[in-house]
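> sharing a model prediction with you, sequence too.
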Amino acid sequence: MASLRIMRAYCIELREVVTITQARIEFLSREPLLSRFHFLCSDEKCREKGVRVIGVNYRENAQESVKHVTAHYREQDTHLPGCEWQHEEDTEGPDGLLPGESEDTARKRKARRKLNDFIDVFDPTDHDGTKPAETEKSPIDYGGIGVPVSGGGQARGNNDSELTGVNRTNDLERLVESFRDAKEKLSDEEFSTLELQVKGIGKIKLKHYFQRLNYSKTWSTHRIIYGGAILDKRYGQGFRLKFYDTVEGKPVFLYVSPAMMKEYRHRKYLDGILSKVDEVRFLRVYALGHFEEAPGESDGLNLVISHLRHLAIVLGPTKNKATR
C-alpha cells in the first residue's frame, strides 16, 4: 500500500470533518486559544475505532520561510483496511506509464503525487460557506468529548469531495496553500503541467490562474491577483493594505471596511495575522477581485473584493533582529 496522504480529518473539538486549512483558521480564531486540536480519521469505520491523525503546522499562521513546510495531516495510528485514504501503489510499466496512459497524463500524475493537497476544481462563487454541517451525537467518547460516527463525514460547507477522486473546494486559503506547496516542491516543468477547473471559466493552467500584481492590467478580472504588501492604515476593525508593485504605473491598495470585518466570522484569525506585521518583512496578499479607482488617491487603484473569503494573507519572512 502507498503511504497515506490524508486531506481531511475529523476534529474532535469542532465536531466535524475539516481540511487542514480549515483547522488552522478555526484554531487561530479561538478565544481563548487552545493548546491544540485532536483529530481522528475522517473515514467512519476508522473513527469508530478511535484511529488518530496528527495535524502538522496548523497552529501557526502560514509564512514564507527558507524551510517551508505546508500544514498537513499525517498518519498516527494504523488505519483499518478499506480506509478512504488507503490506495494501491501505481503499477507502472517499464516506460513509467500506467496501462493506457499518455506521457502527458503521466507527467501530471507524478507531479500531483508529490503534493499534500492538490485541488482539481475551484468554485469562486460569492457565498459565505461557513455554516457548520449538522452532526449526530454518539455515545463514543474520546478524551472526554463525544464523537459523532455518522452524519458528520462531509467537510464543512466547502463542497470538498475526495471520495469521488476529484478534489474540490471553494476555500481560497486552501487553494493558495496548494499553489504554494506546488511552487515549493515541483520543478518549473512539473509546475507547468498542473491544471485547475474553475467554475465559470473552465480548465486553466494553475500558474495562469494566479497572476502577479505587477503583470496585471486595470481590466484584469477572474484571476487570483497576488503580490507583496504592507499594512498601510487601520480604520477601527478595518484596514488598508498597500502593494509594493504598481499596475500601469498606479499605486494599488486593498481596503477592508470595519463593517466587512465585523461581519466576518474569522476576523480574529485575520486580526492575528495583521498583529504580526512588525515582525515580518512584508505580507504576501492573494485576492480574488477587480480594480477600481481609489477614492482620495491620485491615480491610485483599489483591488476590490466582495467578501473576506476572497482574501488570503501569508506572512513574509521574519525580520532580522537588527532590522526590527
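All right, it came through fine. None of these values were measured; they are calculated from a predicted model. Residues are numbered from 1 along each chain as shown.

> from here on, just use CA atoms for contacts and neighbour counts.
Fine.

> just the helices in this protein please.
20-29, 44-48, 103-113, 172-185, 188-193, 206-209, 258-263, 267-274 (DSSP state H).

> quick one: which of those helices has the weakest pLDDT on average?
Ranked by mean pLDDT, these bottom out at helix 103-113, with a mean of 81.

> what residues sit buried inside that one?
R107, K108, A111, R112 (16 or more other C-alpha atoms under 10 Å).

> ok, A312 to P251 distance?
Distance, A312 to P251, by C-alpha to C-alpha, to the nearest Å: 20 Å.

> which one's more surrounded, these two?
Neighbour totals were compared for A312 and P251, and A312 leads with 21 against 18 (other C-alpha atoms under 10 Å).

> need the contact list for that one.
L172, E173, V176, V285, Y286, A287 (C-alpha atoms under 8 Å, 6 or more residues apart in numbering).

> filter these down to the buried ones, ChimeraX style.
Selection of buried members from the contacts of A312 for ChimeraX, criterion 16+ other C-alpha under 10 Å:
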select :172,173,176,285,286,287
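
> for the contacts of A312, which two are the farthest from each other?
The span of those, defined through C-alpha to C-alpha, is set by L172 and V285 at 11.7 Å.

> list the residues that contact both of those two?
Residues within reach of L172 and of V285 at once, by C-alpha under 8 Å, 6+ apart, are L311, A312.

> quick one on the thing from earlier: and which of the contacts of A312 is nearest R52?
Ranked by distance to R52 (C-alpha to C-alpha), the contacts of A312 are led by E173 at 25.0 Å.

> ok, that closest one - contacts?
By C-alpha under 8 Å, 6+ apart, the residues touching E173 are T21, L311, A312.

> hey, what's the nearest residue to the second one once chain neighbours are set aside bridged with?
Of all residues not flanking L311 in the chain, A287 sits nearest, at 4.6 Å (C-alpha to C-alpha, 6 or more residues apart in numbering). Residues found in beta-bridge contact with A287 (criterion: DSSP bridges) are I225, L311.

> A287 is in contact with G228, isn't it?
No: using C-alpha atoms under 8 Å, A287 is not in contact with G228, being 11.6 Å away.

> okay, now the unreliable bits of the stretch 201-324 of the chain?
321-324 (pLDDT under 70).

> the strands in it, which residues?
202-205, 210-212, 224-235, 238-247, 250-256, 283-288, 290-293, 301-304, 311-315 (DSSP state E, counting those that start in this stretch).

> mind putting the ones you listed into TSV with distance to Y58?
Formatted as TSV, the strands of the stretch 201-324 of the chain follow (distance: least, C-alpha to C-alpha, whole Å):
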stretch	distance to Y58
strand 202-205	28
strand 210-212	24
strand 224-235	22
strand 238-247	25
strand 250-256	25
strand 283-288	18
strand 290-293	30
strand 301-304	28
strand 311-315	13
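
> ok, which of the ones you listed comes nearest E26?
strand 311-315 (14.6 Å).

> now for R5, how many residues are close by?
Neighbour tally, R5, other C-alpha under 10 Å: 18.

> same deal with the one 5 residues further on?
Number of residues near Y10 (other C-alpha under 10 Å) recorded here: 29.

> these two touch, right, it and C46?
No: at 10.5 Å, Y10 does not count as touching C46 under the criterion of C-alpha under 8 Å.

> overlap of the contact sets of those two?
The contact lists of Y10 and C46 share L40, where a contact means C-alpha under 8 Å, 6+ apart.

> give me the beta-bridge partners of V280?
For V280, the beta-bridge partners are T318 (DSSP bridges).

> hang on, the earlier thing: of all the helices of the chain, which one is nearest S220?
Among the helices of the chain, the nearest to S220 by C-alpha to C-alpha is helix 206-209 (11.4 Å).
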